[in-house]
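**Student:** Have a look; sequence and predicted model below, questions after that.
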Amino acid sequence: SEVRYNADSVNMIGYVAYDSITNTKKPVVLVVPEWWGLNDYTKSRAKQLAELGYLAMVVDMYGNGTTADNPDQASKLATPFYMNPQMAKKRFDAALAKVKTFPQADTNQVAAIGYCFGGAQVINMAKLGDDLKGVVSFHGNLTVVPADKNLLKAPILVCHGDDDQFV
């Protein structure tokens, strides 16, 4: 279901999925979308995670539920987050704070996954010091902030297909 929160005075419209039949605490997975924004694909991934027993929240990185339907538009939306990783961190951290307010959330068990643009963002969140149990990037862009061992808390898994010509 849709969930609203704010970051940088921007209205954010995320998407949350979990099994509402049980009230047990569920480990949390934040999902950062591809550069297209929060679309049906990332919602389907959140639903799959919910079926596996997680509380999944798709992060609205762009704000107001904005999505792109062509590469030029997607590039214009995504580029500022590569140029300003701290802006991305504020948006991600706002989603993290929001998901932790759910009574079903096991706030000690939070991980993040991302696809393409989102993969780069979750790597950045780990490298910028977010306290996560782990992050996984799927075919993620590797244009990321430099590592700082004093900030890094989360293990990072980077998954790429052998035939990926982009990365």
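**Tutor:** Arrived safely.

**Student:** What count of nearby residues applies to residue 165?
**Tutor:** Other residues within reach of residue 165 by the criterion other Cβ atoms under 10 Å amount to 5. C-beta coordinates here come from the backbone N, C-alpha and C atoms, glycine included.

**Student:** got a pLDDT number for it?
**Tutor:** Here, the pLDDT recorded for residue 165 equals 75.

**Student:** Three-state assignment for it, please.
**Tutor:** Taken by DSSP: H, G, I helix; E, B strand; the rest coil, the conformation at residue 165 corresponds to coil.

**Student:** Which residues are in contact with the residue sitting nearest the centre point of the chain?
**Tutor:** Centroid check for the chain by Cα atoms, centre = their mean gives residue 32 as the closest residue, at 2.6 Å. Under the criterion of Cβ atoms under 8 Å, 6 or more residues apart in numbering, the neighbours of residue 32 are 58-59, 61, 92, 112-115, 117-119, 121-122.

**Student:** so of these, which ones are in strands?
**Tutor:** The strands in this structure, assigned by DSSP state E, contain 58, 112, 113, 114, 115 from those.

**Student:** Return the member of these nearest to residue 143.
**Tutor:** Looking at the ones in strands among the contacts of residue 32 and their distance to residue 143, the nearest is residue 114, at 13.2 Å (Cβ to Cβ).
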